[in-house]
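Enquirer: starting from these lines, generate the structure:
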Amino acid sequence: MDGTQRDIGQMRKLTVIAVCFFASLIGAALIPTAMIPGMRTPRSLPYQSPSIEYQYTASLPDRLARIDDVQERKQYLIEILLPLVLRGNERVLQQRLIIENLSKKLTYLTPLEKQTLISYARMYMVESDSYQGMAQELLKKVNVLPVSLVLAQAAIESGWGTSRFCIQGNNIFGLRTPSRFGMVPRERRSDEDFTLSVFNDLQSCVDYYIWNINTNPQYKQLRYIRSLSQPPYDSFALAQGLRNYSELGIKYVRRVELLISYNALKSYDDYRLEYE
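Expert: This next block holds a predicted model:
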């Protein structure tokens, strides 16, 4: 489960921010990438990198639970989630490219470009009195995650797609909320009042998860580790910044590492989405 929710006061703030985040996604989608001179398309991976088409799956199909063979069920879940994770990373990369371009011309930003930078700062919970400060902090937060790391956490938190929260609420990462409108865990103690978040579809859950890792103070170490290297990022290295994701702490990190290794999830880190 997401250990970041232990501080209820912090989660109330994140709940409000989450609403702003999804509203911002709509606004960000309307920002034309051509508005910035020299705007590039996302950096392409090596030509030999495997590619797949984007396939949208709203919720896990009933067929998944009826698959008796464990390996077949695992592979089926990966096939469902892989394009969703790639799409989530692709959106973040597009945002990062815009921010990178803006950071190179801070002295000459147009009013529209200034507003764009401010919008991203709000979306990613960045507070700064200068555009330079905004850009610097945004570049620490607005970045992709290794596919293998995302798949590993999805597998752990959803029990490979078998958890009630995943099936009924599209919550594949065990994300909590202090709201009373979520799903109540059966094992919740009487002195706790959190619920599990409910998402409209799996893609929105993946998008929120990436945003949460990129903004939540509990994962500052992960973002710092990521900042020390260049893509493609090492999922084992970034996993060290997930100690606060679960009350298990370092044992949770070891579990993530083991799952990545045992299921050869690193083989998916080179995948990209293909377009006609």
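Enquirer: would you point out which residue is most central in this structure?
Expert: Ile210 (1.2 Å; C-alpha atoms, centre = their mean).
Enquirer: how much space between the spatially closest residue to that one that is not a sequence neighbour and Ala65?
Expert: Spatially, and ignoring its direct neighbours in sequence, Ile210 is nearest to Gly88 (5.0 Å; C-beta to C-beta, 6 or more residues apart in numbering). C-beta coordinates here come from the backbone N, C-alpha and C atoms, glycine included. Distance of Gly88 to Ala65, computed by C-beta to C-beta, to the nearest Å: 24 Å.
Enquirer: between those two, who's got more neighbours?
Expert: Gly88 (23 against 11; other C-beta atoms under 10 Å).
Enquirer: got a list of what the more buried one touches?
Expert: For Gly88, the contact set (C-beta atoms under 8 Å, 6 or more residues apart in numbering) comprises Val150, Gln203, Val206, Asp207, Tyr209, Ile210.
Enquirer: which of those sit farthest apart?
Expert: Val150 and Gln203 (12.7 Å; C-beta to C-beta).
Enquirer: please enumerate the helices of the chain.
Expert: According to DSSP state H, the chain carries its helices in the segments 8-29, 62-65, 70-103, 111-123, 131-141, 147-158, 164-169, 202-215, 220-227, 235-239, 250-262.
Enquirer: quick one: closest of these to Tyr268.
Expert: Among the helices of the chain, the nearest to Tyr268 by C-beta to C-beta is helix 147-158 (4.7 Å).
Enquirer: could you check the angle that closest one makes with helix 202-215?
Expert: 110 degrees (axes from the mean of the first three to the mean of the last three C-alpha atoms, to 10 degrees).
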